[in-house]
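J.: Model the structure of this input:
(chains A and B)
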There are 2 protein chains.
Amino acid sequence: MNAPLPTASLPRVEPRPLPPAMTDALRQRFGERCSTAQAVREQHGRDESPFDVRPPDLVVFCESTDEVAAVVRLASEHAVPVIPYGAGSSLEGHLLAVQGGVSLDLSRMKRVLRVNAEDLTVTVEAGVTRMQLNEEIRHTGLFFPIDPGADASLGGMSATRASGTNAVRYGTMRENVLGLTVVTASGEVIHTGTRARKSSAGYDLTRLFVGSEGTLGVMTEITLRLYPQPEALSAAVCHFPSIAAAVATTIQIIQMGVPIARCELLDANAVRAVNRHDKLTLRESPMLLMEFHGSTASVKEQAEIVQEIAREQGGEDFEWATTPEERTRLWTARHHAYFAGLQMKPGSRTVTTDTCVPISRLADCLLDTVAEVEATGLPYYIVGHVGDGNFHVAYLIDPHKPEERDTAERLNQQLVQRALRLEGTCTGEHGIGLHKMGFLVDEAGAGAVEMMRTLKRALDPKNILNPGKIFTL
Amino acid sequence: MNAPLPTASLPRVEPRPLPPAMTDALRQRFGERCSTAQAVREQHGRDESPFDVRPPDLVVFCESTDEVAAVVRLASEHAVPVIPYGAGSSLEGHLLAVQGGVSLDLSRMKRVLRVNAEDLTVTVEAGVTRMQLNEEIRHTGLFFPIDPGADASLGGMSATRASGTNAVRYGTMRENVLGLTVVTASGEVIHTGTRARKSSAGYDLTRLFVGSEGTLGVMTEITLRLYPQPEALSAAVCHFPSIAAAVATTIQIIQMGVPIARCELLDANAVRAVNRHDKLTLRESPMLLMEFHGSTASVKEQAEIVQEIAREQGGEDFEWATTPEERTRLWTARHHAYFAGLQMKPGSRTVTTDTCVPISRLADCLLDTVAEVEATGLPYYIVGHVGDGNFHVAYLIDPHKPEERDTAERLNQQLVQRALRLEGTCTGEHGIGLHKMGFLVDEAGAGAVEMMRTLKRALDPKNILNPGKIFTL
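T.: Below you'll find the predicted structure:
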């Protein structure tokens, strides 16, 4: 867990105490599944962001769409904020009860409701995590590819339009959610989308909810696309003399249309961190961690093309991992980068960036960013879904040294402005939450953000759904 | 052109005459690019749907986003409907001025503004057609795959969330629009999305506009994803003893995850029609027309798998077309199916269905539909993007025989209800327009449609943007 960042700077709307009538009604309906215990409230008032805890007034553990609807109807009646909670792995303060209210815990909605293997679709409750899903559908020969690292809930992943390491080939939650069951701000239950692969039937409500960070409705059931487990699957690491060389390799892979499944950059600092944390002996230089999916012949062909490109860029020590054990070891290390990084500077916390730029701008964006952070002397590491043009700089700061926080925030500002100049986005996959509201205006423009506010006001006139996130009203 | 269907049954809002102050202002600004000539108005008051013409009061030919904004500001001031017009190839009555107003012709906004080949993106004005785009970017080695048959404008394709023959591999407009310039109902210009491949920055306004049929804003510029022209490209036809066998083959291809680029069904009637129209000698039995994209090795591998599957299902006369000329001949014939079909029954018009179902339900949906139409004796043909579960039955009716129209409408009703029971959609790619408003409610439910209305009211409070389409307010 990251050490906390003060939230004093956040826009402040004084929480009102929960109306006793609402608390009573919830207690009556939910009994022990309704908690005001401090430990439970505090656990639900934080996430993996660097913000300090902002506990809700009460936590309700829901087990069905009907229960969610009942809670939201009460919240609407009493004009009380409701904050959907999945696995708690959000990175942008999405779960903090900045205006008080009820945390609506969906983690017990864990049923895989329907696997339609022959259609490559599955319908799950919002609390199912991606690992649980893949475990439960393993026997079908299918898998759900979106992998943000954390074992996030599929509701949370939908709410933040998450992606991660496989998006370069399989897309993001935007492309892989087919339909939703949603509880609206008035507590009504609606369904969006169908199980058909495509549709032109009216407004795309599914994609309006995907990425809405719990501010437009509570997603309770999600229909997802699945993919056949590839016949062949192979991972490789390749080391490079410089970040520039690794990035140039990536750019060429994408431009040539190689259907690479994963293409991850770790800078030398990140490699060093995972070496220590996972007891590996990877060469501590910029590294690409790649994965290829397809038929045996296609994987071989992809690998040959990529090896040639990498060699031309000075790539060395191409190392293959074809057994599941070897692959797991490498990807586990990648997924540990965040925690491994924190251990590089004991007691530190992380300020993580999330810019994403058009692939041709990636080298410019990344190299200037490295130069800037190097000049400050602040410890950092970089990991990136570089096949998408998305990378994360993690600045390691001492929470007791405000000047380090200021430096990290200044670097983040500079990086975001650079990404926007390069026609990219301030957030590739983490969302806006509490932290990037200003960046959203810089990126989308005041007019587009005002349109978002208009949509919010129309669908949630009492501003009870995760209020204070994405923008202030 | 289809013979017209009476629109008497449409919900009627009496058009008000255009306020003279508005006409004057438009004439002053646009001069000869502002027309009230009857021929021009009539041309803009129809599309390829079977509805009869409903001309707008005036047509303005815009040449820039600023001009569009100026027209919409005037329309807002005078509360006059505005109907964006691209290539006129819509199939659901989208372009009919059912409440009068101004047709905003974007067909002169034909500039390809920016090709960023190294990022696989392009930005075009809304009037650029898909064929023009592919012609203009040919030298880059890239192409834009979405192909709805007609040479539609990219604005229109975005507005209807179009797809077509390549969607099984490359997705639809939903997946391939990265960003938009939009004129809002108040005449403000906003930008949505960036050139980054993914983003979690706030509400997905891009996808809210894609498929909104001109009712939420006027798209004037569109940033699209492009793809490298495949190294190898091969098309094949295969004939089957029955539609069931052709569909069974398709289902297996999709379930095995073969990355087929196109997989089109033509029933025996459709083959007969294109044989006559295009002077071909294809065997007149159910046929799959397929295309494979990839590396030489991958195309070969895909083709082998597909041939084996087809053979198991009784597929015969597998015939390859690897030269561009042969491929063009086959695909041109496919694209002529609509006009070829009309010629099967001189003086007829077409009522076309557009259901899309989960792939495992395709055989059920299609075979029951064939049995029903066969029982009526009405001439028909079927073409389908069956790899997506999407097919079109074209009922050929005599416009002078109301009983034939009634039969076709009843068959369409039955088909849509069947598709909805099978968890599909009433429209895979044509949109709701005027014709499917009732189906939309059946499919999405009253609550979801009411949410769409709420969004419409919020973004277009005066109901001036293509009013009367998708739903009535």
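J.: only C-alpha atoms for contact and neighbour calcs from this point on.
T.: Noted.
J.: for whichever strand or helix holds A:V416, which positions count as buried?
T.: Secondary structure from DSSP states H and E places A:V416 in helix A:402-421. Within helix A:402-421, the residues scored as buried using 16 or more other C-alpha atoms under 10 Å in any protein chain shown are A:404-405, A:407-409, A:411-413, A:415-420.
J.: again, but for stretch A:301-314
T.: The neighbour-count criterion (16+ other C-alpha under 10 Å) identifies A:E301, A:Q302, A:A303, A:V306, A:Q307, A:I309, A:A310, A:R311, A:Q313 as the buried residues of stretch A:301-314.
J.: Excluding chain neighbours, what is closest to A:E404?
T.: Once flanking residues are discounted, A:E404 sits nearest to A:I397: 5.6 Å by C-alpha to C-alpha, 6 or more residues apart in numbering or on different chains.
J.: same question but for A:S64, I mixed them up
T.: Leaving out its chain neighbours, A:S64 is closest to A:M109 (C-alpha to C-alpha, 6+ apart), at 6.5 Å.
J.: do you know how far the nearest residue in space to A:A150 that is not next to it in sequence is from A:A37?
T.: Leaving aside its sequence neighbours, A:A150 sits nearest to A:S89 (C-alpha to C-alpha, 6+ apart; 6.7 Å). Using C-alpha to C-alpha, to the nearest Å, we find A:S89 at a distance of 21 Å from A:A37.
J.: between these two, who's got more neighbours?
T.: A:S89 (21 against 11; other C-alpha atoms under 10 Å in any protein chain shown).
J.: Secondary structure class of that one, three-state.
T.: Assigned with DSSP: H, G, I helix; E, B strand; the rest coil, A:S89 falls in the coil class.
J.: surely it meets A:A152?
T.: Yes: here A:S89 lies in contact with A:A152, judged by C-alpha atoms under 8 Å, at a distance of 6.0 Å.
J.: interface residues of the stretch 1-150 of chain A facing chain B?
T.: Counting by C-alpha under 8 Å from any C-alpha of the partner chain, the positions of the stretch 1-150 of chain A adjacent to chain B are A:E118, A:D119, A:L120.
J.: Counting neighbours, which of the residues you listed comes out on top?
T.: Using other C-alpha under 10 Å as the neighbour criterion, A:L120 leads these with 24 neighbours.
J.: And for the residue lying closest to it once chain neighbours are set aside, the neighbour number?
T.: Nearest non-adjacent residue to A:L120, counting by C-alpha to C-alpha, 6+ apart: A:L226, 4.7 Å away. Using other C-alpha under 10 Å, A:L226 is surrounded by 24 other residues.
J.: before we move on, what about A:M290?
T.: A:M290, neighbours per other C-alpha under 10 Å, totals 25.
J.: can you pull the contacts of A:H336?
T.: Under the criterion of C-alpha atoms under 8 Å, 6 or more residues apart in numbering or on different chains, the neighbours of A:H336 are A:V274, A:H277.
J.: In terms of pLDDT, where does it sit?
T.: With respect to pLDDT, A:H336 scores 89.
J.: any weak-confidence spans in chain A?
T.: Low-confidence segments of chain A (pLDDT under 70): A:1-13.
J.: any idea how far B:A21 is from A:T322?
T.: 73 Å.
J.: go on, A:V40?
T.: The span separating A:V40 from B:A21 equals 65 Å under the rule C-alpha to C-alpha.
J.: Comparing these two, which residue is more hemmed in?
T.: A direct count of neighbours by other C-alpha under 10 Å for A:V40 and B:A21 places A:V40 higher, at 14 against 11.
J.: so the more buried one sits in a helix?
T.: Yes: using three-state DSSP, the assignment for A:V40 is a helix.
J.: Pull the contacting residues for it.
T.: Applying C-alpha under 8 Å, 6+ apart to A:V40 gives the contacts A:V59.
J.: and it, how far is that from A:D105?
T.: Between A:V40 and A:D105 the computed distance is 11 Å (C-alpha to C-alpha).
J.: who touches both of those two?
T.: With C-alpha under 8 Å, 6+ apart as the test, A:V40 and A:D105 both reach A:V59.
J.: Can I get the buried residues of helix A:402-421 in TSV including distance to A:D354?
T.: Formatted as TSV, the entries for the buried residues of helix A:402-421 read as follows, by distance: C-alpha to C-alpha, whole Å:
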residue	distance to A:D354
A:E404	19
A:R405	17
A:T407	17
A:A408	13
A:E409	13
A:L411	12
A:N412	9
A:Q413	11
A:L415	9
A:V416	9
A:Q417	12
A:R418	12
A:A419	10
A:L420	12
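J.: Is A:T281 in a helix, a strand, or coil?
T.: The three-state label given to A:T281 by three-state DSSP is coil.
J.: Over to A:R46?
T.: coil.
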